[in-house]
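Student: Give me the fold of what follows.
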Amino acid sequence: MTVRVEWGPAGVTALAAQSDVLVVVDVLSFSTVVSVAVASGVSIWPHPWRDGTASVRARELGAVLAGTRGEPGSLSPASVAGLPPGTDVLLPSPNGATICVAAAAAGTEVVAGCLRNAPAVAEWLADREVTSVGVIPAGERWPDDTLRPAYEDWLGAGALVSLLDPASWSAEAAAAAAAWSVRRPLREVASGIELVDRGFVDDVDAAEAYGADAVVPLLVDGRFTAVTSAPP
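Tutor: The predicted structure is shown next:
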């Protein structure tokens, strides 16, 4: 196996052609929401951010259109955990969802990775005998819409990489694994502080629950659903 790590949408462009699987990591909060949702039997349809088609697409799918954080079916993990199994949620986001859509369009298998499911994803990759993995920390956006590297996504990438064979790591993957080994609490990082200040401390704590979800969110035909083992 070879394991490479590159940031954001450009990372998809850089790694798609040389990766069997792309793992998109958006810890606060897209990938965490996806993990919590599929573990509860809820399917997530990622959708590009602010392209003007979300309402129409949700109606076509019979899906719940995600609201603002804290509303049912939103970028707050608790908001999807209580939805009935079998619910479909269309979830736009500027980072994780948008990157997942781009990764799928590039023709690779796409997994949503986070701290909650890093052990499950690592086991699934090993069981599948995947030969090349691209890990994409999503990052955030600065006001001018350029990439803002996000510490929590670097940690999420490192949590996954650290469970894979060190002989497979690129230099960037090794750096992410090293960051995981000396990690800081998410309440201390910029995105975590922002969410705590807005009253969403539970979202930060949910994102930090390492290994809480024993499922792998795999993007199939446009939506994330849970897989628990490699196919025969």
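Student: Which residue ranges of the protein form helices?
Tutor: Secondary structure of the chain (DSSP state H): helices at 8-15, 30-39, 54-61, 77-81, 96-105, 118-128, 151-161, 171-181, 190-197, 201-207.
Student: and the first one, how far from the chain's centre?
Tutor: By that I understand helix 8-15. Computed by C-alpha atoms, centre = their mean, to the nearest Å, the chain-centroid distance of helix 8-15 equals 15 Å.
Student: Could you list every helix and strand in contact with that helix?
Tutor: On a contact count with 3 or more C-beta pairs under 8 Å, 6 or more residues apart in numbering; DSSP states H and E, helix 8-15 meets helix 96-105, strand 132-137, strand 147-148. Quick note: C-beta positions are derived from backbone N, CA and C, even for glycine.
Student: Repeat the analysis, applying 7 Å as the threshold.
Tutor: helix 96-105, strand 132-137 (3 or more C-beta pairs under 7 Å, 6 or more residues apart in numbering; DSSP states H and E).
Student: which other residues reach it?
Tutor: Arg4, Glu6, Leu22, Ile99, Ala102, Ala103, Ala106, Gly134, Ile136, Ala138, Gly139, Leu147 (C-beta atoms under 7 Å, 6 or more residues apart in numbering).
Student: repeat that with 10 Å
Tutor: The contact list for helix 8-15, computed with C-beta atoms under 10 Å, 6 or more residues apart in numbering, reads 4-7, 19, 22, 24, 95, 98-106, 108, 110, 132-141, 146-150, 153, 170, 172.
Student: ranking the helices and strands packed on helix 8-15 by burial, who's on top?
Tutor: Mean neighbour count (mean count of other C-beta atoms under 10 Å) peaks for strand 132-137 among the helices and strands packed on helix 8-15, with a mean of 27.
Student: For the helices of the chain, state which one has the densest average packing.
Tutor: Most buried among the helices of the chain, counting by mean count of other C-beta under 10 Å: helix 30-39, with a mean of 30.
Student: which residues touch the one residue sitting closest to the centre of the chain?
Tutor: Most central in the chain under C-alpha atoms, centre = their mean is Ser31, positioned 2.8 Å from the mean C-alpha point. Applying C-beta under 10 Å, 6+ apart, we find Ser31 in contact with 23-25, 93, 95-97, 99-100, 111-117, 137-138, 153, 156, 207, 217, 224.
Student: right, and Val189 touches Pro149 too?
Tutor: No: at 11.2 Å, Val189 and Pro149 do not qualify as touching, with contact defined as C-beta atoms under 10 Å.
Student: buried set for stretch 66-79?
Tutor: Going by neighbour count (16 or more other C-beta atoms under 10 Å), the buried part of stretch 66-79 is Ala66, Arg69, Gly73, Ser74, Leu75, Ser76, Pro77, Ser79.
Student: Nearest to Ala39, out of those residues: which one, please.
Tutor: Of all the buried residues of stretch 66-79, Ala39 sits closest to Pro77, with 10.3 Å by C-beta to C-beta.
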